[in-house]
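K.L.:
test case, fold it:
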Amino acid sequence: MVQAKVNDKVKVHYTGYLTDGNIFDSSLDREPMEVTIGERMVIPAFENGIVGMAAGDTKTIRISADDAYGPYREDLVGTIARSQLPADIEPQVGMVLQAHGPDGGVTLVTVKELRNDDVILDANHPLAGQDLVFEIKLVEIA
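P.N.:
Below you'll find the predicted structure:
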């Protein structure tokens with residue numbers, strides 16, 4: 001029986017849960033996700049969970065926040081004046097915007113709160129600070 005190892009291209013179906021049981025993502029209603037183990041296309045702990053599985057195997061893995069998207073960092077939350085937003089954007093709580101850094105890089109930020117003249121933006125990944133649980137089924141090793 002062939003088992004998945006580093007550098008193998010695999011196809012997996014997965015369902016991701018928060019520890020309270022709420023589903024945050026699933027591939028079950030679409031094509032399986034294709035990953036090359038070791039290329040860090042997904043969370044390394046997710047890739048490591050696939051290693052040793054054979055096609056048809058299922059497994060549940062738990063990934064701590066530190067090994068997933070890291071801890072929630074208050075220093076990634078900031079306030080800007082509404083006037084700094086483009087005129088054609090009417091911010092809404094939960095809206096995801098692109099912020100351009102001084103180095104030209106783009107960071108996704110989420111509108112966390114609206115105040116009279118200010119907008120509170122959060123650059124944390126939406127799953128930062130969360131422990132994650134994945135149910136994985138290895139569909140194919142290519």
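K.L.:
list the contacts of the residue nearest in space to the middle of the chain.
P.N.:
The centroid of the chain falls nearest to Leu127 when counting by Cα atoms, centre = their mean (6.3 Å). For Leu127, the contact set (Cβ atoms under 8 Å, 6 or more residues apart in numbering) comprises Phe24, Ala68, Tyr69. All C-beta spots, glycine's among them, are computed from the backbone N, C-alpha and C.
K.L.:
grab the nearest non-local neighbour of the second one.
P.N.:
Among residues not flanking Ala68 along the chain, Leu132 sits closest, at 5.0 Å (Cβ to Cβ, 6 or more residues apart in numbering).
K.L.:
any idea how many residues pack against the one you found?
P.N.:
22 (other Cβ atoms under 10 Å).
K.L.:
is it in a bridge, and if so with what?
P.N.:
Taking DSSP bridges as the rule, Leu132 bridges to Leu18, Ile63.
K.L.:
who's in contact with it?
P.N.:
Neighbouring residues of Leu132 by Cβ under 8 Å, 6+ apart: Gly16, Tyr17, Leu18, Thr19, Phe24, Ile43, Arg62, Ile63, Ala65, Ala68.
K.L.:
ok, which pair from these is furthest apart?
P.N.:
Using Cβ to Cβ, the two most remote members of the contacts of Leu132 are Thr19 and Ile43, lying 15.6 Å apart.
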